[in-house]
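In: Model the following, please.
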Amino acid sequence: MFYTPLTSGAQYPVRTAADLGKLETLGRTLPLQLIRLQNRPRLQCFVIAEEVIFLGPDGEPACPPSSDLRLYCVSIGKELGILFYKLSLLEKPRGEWCCMGLDRLPPLYSCSPAVQQQIAINLGRIMCDGQSDLR
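Out: The predicted structure follows:
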């Protein structure tokens, strides 16, 4: 299990009773969420309008598992009316994916320079083209 303060995207593992004690102290002052780790494949991706950049465990670009997953990731932003976000995805037993988390202001330090550059290019394209149609 790990906890994530709602005010940041950092994740902190909860493995021992001491970790749980720290969490209890923080819980009185900081809004947070607890997430139970599933022993299933996990994936993260950045979504910039219609572009989806999947990340490997090393922060490098990864191949998408399917085009349906790419469409699912884009549809989340359309439903919420947002253009740029990071998703944490979990594969369910039958090969379907579900969204376990969404970060509207994702930090870019955990991904490779190649991914950072792809994100910057796509954000620049949105700003220059005025592409903000979320229909």
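
In: Residue 91 - nearest residue in space that isn't next to it in sequence?
Out: residue 41 (4.3 Å; Cβ to Cβ, 6 or more residues apart in numbering). Where C-beta positions appear, they are placed from N, C-alpha and C, glycine not excepted.

In: pretty sure that neighbour is touching residue 88, no?
Out: No: the pair residue 41 / residue 88 is not scored as a contact, 11.9 Å apart, by Cβ atoms under 8 Å.

In: between those two, which one's more packed in?
Out: Per other Cβ atoms under 10 Å, whichever of residue 41 and residue 88 has more neighbours is residue 88, with 18 against 12.

In: could you list every residue that touches the more buried one?
Out: For residue 88, the contact set (Cβ atoms under 8 Å, 6 or more residues apart in numbering) comprises 42, 43, 44, 99, 100, 101, 102, 103.

In: dump the residue contacts of the residue positioned nearest the centre of the chain.
Out: Nearest to the geometric centre of the chain sits residue 87, at 2.6 Å (Cα atoms, centre = their mean). Taking Cβ under 8 Å, 6+ apart as the criterion, residue 87 is in contact with 44, 45, 47, 73, 76, 99, 101, 102, 103.

In: Determine how far the longest helix anywhere in the chain lies from the middle of the whole chain.
Out: Counting by DSSP state H, the longest helix found in the chain is helix 113-129. Relative to its chain's centre, helix 113-129 lies at 17 Å (Cα atoms, centre = their mean, to the nearest Å).
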